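>>> below is the sequence, then the predicted model.
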Amino acid sequence: MPSKTTPRVLAASLLTAMGTAAVAGPVYETGSGGTFTYYGQFNPSVLSFDDGTTTTDDVADNAASGSRVGFLITQPFGGNELRFRFETALGFRGTDGISQTSTPKGVDWDRTRLRHVDVQFQTASYGTFYFGQGSMASDGIGDRSLAGTGLATSVSIGDTAGSFEFRTTSGALSGIEIGDAFANFDGSRRGRIRYDTPEFSGFTFSIAYGQDILSEGNDDDFYDIGLGYENEFANGIEMEAGLGYQVRERDGAQDREDTFASISFLLPSGVNATFAAGDRNTSGNYSYIKLGYTFDVLAVGSTAVSVDFYSGSDNVTNGDEAEAWGLAIVQDFDTANVEAYFGYRNYSYSDTTATSYEDADGMILGARWRF
């Protein structure tokens, strides 16, 4: 079957449809009009965490956007298109799995690392249908941002140091992990059936039902909806926003309901602002703000800087408070498809007990290469 490398614009359009960055290997076109393209990324980083008494340093895959590979096959049928997508994380030790007491193996792949194994059917007029392992309707809804610094800092606080514990002022590890105290209620990936409406004036509505088909012993049912919005206005201002709602039906426990939203603006000057918030019916809520600036001072690519602040409560126990602020810088190297980044974050926690907790500090330095 003959094949050829198609123009770069085709690669960009394919990957935009996939919801990933428009960076990929060559796109091959079959004689029947179908296409095949592969893509991936590596994202190694150096992580340092100071809990007020000890400092832990390690090399790990940045869980904010982990290393992965995948491919996409498409076949048009008139105005419709059938796709098959496969994508897997590579199983490298993640920044969210390291703690003061545990360092996971350097590579540990299992089936839970599968991100996408699904069939997609995009119709000309009625939207897109998804079947198989992949993103639920609200995945990414709570983390919309135009700041360009998500590799270093974002509302997903636990991606960087989620398994580290706060240390009490008496010197003991508390058992309270960063990822629990700083919750983020964004959507997930499941074995699901999903439907997206066609885009209308920048809006897209999605709905899905799914189950955790990759883990054993989890019979919970997941339902969610997501409303997304993207637009660039006549004055050059860009905007992204999302509103999500998800339900987890649990045997023997109260159903969990999460409501969350995010909105982000980017001005032509490069100034940007991002806001996010979430609430869980069983306990927990948070709010988040990021202010940033993107500028072109180096010929190699744009530079993005930001400062952010997170405030959460009731995420571990009723009456607790968790706050974090962070600084980030990301430098693009356009011709190499590389983004180098540095992030710093300070964490604090308190609860209604007599225990006091040390503030903690974390830093991450790394680079993501996409192909």
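Received the coordinates, thanks. Numbering: from 1, shown residues only.
>>> what are the boundaries of the strands in the stretch 251-371 of the chain?
Applying DSSP state E, counting those that start in this stretch to the stretch 251-371 of the chain gives strands spanning 256-266, 271-280, 285-298, 301-313, 321-333, 338-350, 360-370.
>>> same thing with the stretch 101-250 of the chain?
Counting by DSSP E, counting those that start in this stretch, the strands of the stretch 101-250 of the chain are 114-122, 128-135, 165-167, 173-177, 189-196, 203-211, 221-232, 238-249.
>>> run a quick neighbour tally on the residue lying closest to D251 once chain neighbours are set aside.
The shortest distance from D251 to any non-neighbouring residue, by Cβ to Cβ, 6 or more residues apart in numbering, is to D219 (6.2 Å). C-beta: built from backbone N, CA, C; applies to glycine. Residues lying near D219 (other Cβ atoms under 10 Å) number 9.
>>> same deal with T169?
Neighbour tally, T169, other Cβ under 10 Å: 11.
>>> thought it was touching S356?
Yes: if you go by Cβ atoms under 8 Å, T169 and S356 touch, sitting 4.4 Å apart.
>>> what's the most buried one of the strands of the stretch 101-250 of the chain?
Among those, ranked by average contacts under mean count of other Cβ atoms under 10 Å, first place goes to strand 165-167 (a mean of 22).
>>> spit out the contact partners of Q120.
L82, R83, F84, R85, T128, F129, Y130, F131 (Cβ atoms under 8 Å, 6 or more residues apart in numbering).
>>> what sits opposite it in the beta ladder?
Counting by DSSP bridges, Q120 is bridged to R83, Y130.
>>> how near is it to D220?
25 Å (Cβ to Cβ, to the nearest Å).
>>> what residues of stretch 304-311 count as buried?
For stretch 304-311, a neighbour-count test (16 or more other Cβ atoms under 10 Å) marks A304, V305, S306, V307, D308, Y310, S311 as buried.
>>> figure out how far that stretch is from the centre of its chain.
Computed by Cα atoms, centre = their mean, to the nearest Å, the separation of stretch 304-311 from the middle of its chain amounts to 16 Å.
>>> could you export that stretch as CSV, CA atoms only?
The C-alpha atoms that make up stretch 304-311 are tabulated as CSV, following Å, rounded to 0.1, in the frame of the first residue of the first chain:
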residue,chain,number,x,y,z
ALA,A,304,6.8,32.1,30.3
VAL,A,305,6.8,33.0,33.9
SER,A,306,4.1,32.8,36.6
VAL,A,307,3.2,33.0,40.2
ASP,A,308,0.3,31.0,41.7
PHE,A,309,-1.6,30.4,44.9
TYR,A,310,-3.8,27.5,46.1
SER,A,311,-6.1,27.4,49.1
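>>> so what touches that stretch?
Under Cβ under 8 Å, 6+ apart, the answer for stretch 304-311 is 147-149, 153-155, 157, 182, 272, 274, 286-294, 321-332.
>>> which non-adjacent residue is nearest G187?
S138 (3.2 Å).
>>> now do the contacts for the one you found.
Here S138 is in contact with D186, G187, S206, A208, D224, I225, G226, G242, G244, Y245, Q246, F260 (Cβ under 8 Å, 6+ apart).
>>> nearest to A360 among those residues?
Nearest to A360 out of the contacts of S138 is D186 (Cβ to Cβ; 22.8 Å).
>>> look up the pLDDT of the closest one for me, please.
D186 carries a pLDDT value of 92.
>>> backbone dihedrals for it, please?
As for D186, its main-chain torsions (degrees, to the nearest 10) stand at phi -60, psi 160.
>>> so it sits against A137, correct?
No: look at D186 against A137 with Cβ under 8 Å: they stay out of range, at 11.6 Å.
>>> return the member of the contacts of Q120 nearest to L266.
Taking Cβ to Cβ as the measure, L266 lies nearest T128 of the contacts of Q120, at 26.3 Å.
>>> dump the residue contacts of the closest one.
Q120, F121, Q122, Y195, D196.
>>> beta-bridge partners for the last one, please?
Okay, so that is D196. Under the criterion used here (DSSP bridges), D196 is bridged to T128, S206.
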